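Trainee: Below are the sequence and a predicted model for it; my questions follow.
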Amino acid sequence: MGKNSFDILDFNNQTGIASNHIILQAPDMEYTYGAEFSPSGKYLYGTRMNPPSKLFQFDLSAGSQVAILNSRTTLDSNLNSYYYSALQIAPDFKIYAAHRDNNTLGVIDQPDSAALNCSYIDNAVYFSGNICASGLPNFVPDYVFPITATIPTANLQSSDTIFCEKQSINFFDLSTNNPTSWQWYFTGAQPNSSTLQNPNGIYYPNYGQFDVSLKVCNVGGCDSLFFPNFIAELQSPPAPIVTVNGSIMCSSPAYSYAWYETSSLSTILSTTQCFQPLIPGDYFVIIADSNGCSTPSATVIITSIKEHETNPCKLWLSGTKLNLQSNCITDPESFLQVYDAQGKEVFKSQLSSSSVDLPLTNSGIYFYRLVSRGLESQGKFSFLK
């Protein structure tokens, strides 16, 4: 190191020859002091002592002298003179930073991660009243402890793998054996790659199936994982068209249907293609395809419901028992539906006898729909608990 530079050379440990001399020099790097490599050798860390004292990271894989210098990230800065001094890698593969005339050490927790992802913690180690000077143990790490590690095993997870419509999802590294670098590739996504451990906001702008791969490394080596067609982005069906005949609403064909009234979105009123409400309101249907992708319709406003009696069947309420004329059940296809005042179905059953026990628990107005012998009756009745 010069007074305001870091000198980098390749070293052949077989011949002892140093070559490819690169000088990293800049006016704001006056009085460089500490230097240390990340475990993989990809990053160089250095300190400037003169105020404001600074801690830098350089990406040695950037290529040329200019590219390496331009890759510099200032991890931290302190106005105190000589605050950042020596740097030293430890057996835990973390790099420690001496704070001159202070009772703490800083630590670079993930030294093989780029820029601020290296997770520098300024006051990581306290000396319980003792004071740190400028230095740390001055040794070449390989002479004291081997920088080795178990090769990581790659594994991953995403916040979703099958989804409808274009959206962003998150990915999570589940690799074991302490990887220190990550290389993700997301076919068809924006962005299509990342070096973060847990990339967020990966956006898929097109429908289809897409591959995902992850390569993880530490000083022990690397492992890769490839998942073909890991992500499936499905297109939702087009919005249904609702036709209205009187107060009967019918959706265009779909795999499934769910009818709602806008004032009670938690209640499904019907799951049939056509639906006739018993009270006025603002209604819509959500259709779904066989993949589970859904689309709502526009709102349909029903302003009035006309009660009609085209079926001669008569019925009356006694307690919770609804009684019907016997001729109402001569048709084996006869069935009865009962709704509360909000339009929620509380009972639906085919008719097998002239009386039906209804599961009524709240007093109020109830509506019924009776179909028998191909004819339909609609009406209402009161229930007092």
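Mentor: Sure thing, it's come through.

Trainee: Hmm, residue 85 is touching residue 50, no?
Mentor: No. The pair residue 85 / residue 50 is not scored as a contact, 11.3 Å apart, by Cβ atoms under 8 Å. The way it works is simple: take the backbone N, C-alpha and C, and place the C-beta from them, glycine included.

Trainee: Would you map the helices across the stretch 51-200 of the chain?
Mentor: Along the stretch 51-200 of the chain, counting by DSSP state H, counting those that start in this stretch, helices occupy 65-70, 141-144.

Trainee: Go through the top strand by length along the chain and flag the buried ones.
Mentor: In the chain, with assignment by DSSP state E, the single longest strand is strand 221-234. By neighbour count on 16 or more other Cβ atoms under 10 Å, the buried set for strand 221-234 is 223, 230, 231, 232, 233, 234.

Trainee: could those go into a markdown table alongside pLDDT and distance to residue 349?
Mentor: Output for these, formatted as a markdown table (pLDDT from 0 to 100; distance: Cβ to Cβ, whole Å):
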| residue | pLDDT | distance to residue 349 |
| --- | --- | --- |
| 223 | 93 | 60 |
| 230 | 96 | 46 |
| 231 | 96 | 45 |
| 232 | 95 | 40 |
| 233 | 94 | 42 |
| 234 | 94 | 37 |
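
Trainee: Neighbouring strands - and their directions - for the helix or strand containing residue 349?
Mentor: Assigned by DSSP states H and E, residue 349 falls within strand 345-350. With DSSP bridges as the test, strand 345-350 is paired with strand 335-339 (antiparallel).

Trainee: List the buried residues for the partner strand?
Mentor: Within strand 335-339, the residues that qualify as buried by neighbour count (16+ other Cβ under 10 Å) are 336, 337, 338, 339.

Trainee: any idea how far the second one is from residue 347?
Mentor: Spelled out, it's residue 337. For residue 337, the distance to residue 347 (Cβ to Cβ, to the nearest Å) stands at 7 Å.

Trainee: Likewise for residue 271?
Mentor: Applying Cβ to Cβ to residue 271 and residue 347 gives a distance of 16 Å.

Trainee: So between those two, which is more surrounded?
Mentor: residue 347 (17 against 12; other Cβ atoms under 10 Å).

Trainee: Show me what the nearest residue in space to the more buried one that is not next to it in sequence is bridged to.
Mentor: In this structure, residue 347 finds its nearest non-sequential neighbour in residue 338, 4.1 Å apart by Cβ to Cβ, 6 or more residues apart in numbering. In this entry, residue 338 is beta-bridged to residue 347, residue 368, by DSSP bridges.

Trainee: which residues touch residue 338?
Mentor: 322, 345, 346, 347, 348, 358, 366, 367, 368, 369 (Cβ atoms under 8 Å, 6 or more residues apart in numbering).

Trainee: Could you turn the buried ones of these into a ChimeraX selection?
Mentor: This is how ChimeraX selects the buried members of those, with burial counted by 16+ other Cβ under 10 Å:
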select :322,345,347,358,366,367,368,369
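
Trainee: Farthest-apart pair in the contacts of residue 338, please.
Mentor: Spanning the widest gap among those are 322 and 345, at 14.8 Å by Cβ to Cβ.

Trainee: about what we covered before: which residues sit against the longest strand of the chain?
Mentor: Strand 221-234 is contacted from outside by 151-156, 158, 161-167, 169, 175, 186, 188-189, 204, 206-217, 291, 293, using Cβ under 8 Å, 6+ apart.

Trainee: Could you turn the buried ones of those residues into a PyMOL selection?
Mentor: Applied in PyMOL, the following selects the buried portion of the contacts of strand 221-234 according to 16+ other Cβ under 10 Å:
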select buried, resi 152+154+156+158+163+164+169+175+186+188+189+204+210+212+213+214+215+216+217+293
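
Trainee: can you list the weak-confidence ranges in the protein?
Mentor: Low-confidence segments of the chain, defined by pLDDT under 70, are located at 1-3, 81, 140-149, 306-313, 326-331, 342, 372-376.

Trainee: Swap in 50 and give it another go.
Mentor: Applying pLDDT under 50 to the chain flags residues 1-2, 308-311.

Trainee: So residue 85 and residue 50 - more neighbours on which side?
Mentor: Shown here are residue 85 and residue 50; by other Cβ under 10 Å, residue 85 has more neighbours (21 against 16).

Trainee: What sits closest to residue 11 if chain neighbours are left out?
Mentor: Counting by Cβ to Cβ, 6+ apart, residue 11 lies nearest to residue 18, which is 5.1 Å off, once chain neighbours are set aside.

Trainee: ok, back up a step: how about the buried residues of strand 221-234, which pair is most distant?
Mentor: Maximum distance among these (Cβ to Cβ): 31.4 Å, for 223 and 234.

Trainee: Isn't the residue nearest to residue 11 up against residue 9?
Mentor: Yes. Counting by Cβ under 8 Å, residue 9 is a contact partner of residue 18 at 4.3 Å.

Trainee: Contact partners for residue 364?
Mentor: 340, 341, 382, 383.

Trainee: So among the residues you listed, which ones count as buried?
Mentor: Among the contacts of residue 364, those scoring as buried are 340, 383 (criterion: 16+ other Cβ under 10 Å).

Trainee: Using JSON lines, lay out the contacts of residue 364 together with distance to residue 249 and secondary structure.
Mentor: Below are those laid out as JSON lines (distance: Cβ to Cβ, whole Å; DSSP: H, G, I helix; E, B strand; the rest coil):
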{"residue": "340", "distance to residue 249": "19", "secondary structure": "coil"}
{"residue": "341", "distance to residue 249": "19", "secondary structure": "coil"}
{"residue": "382", "distance to residue 249": "27", "secondary structure": "strand"}
{"residue": "383", "distance to residue 249": "27", "secondary structure": "strand"}
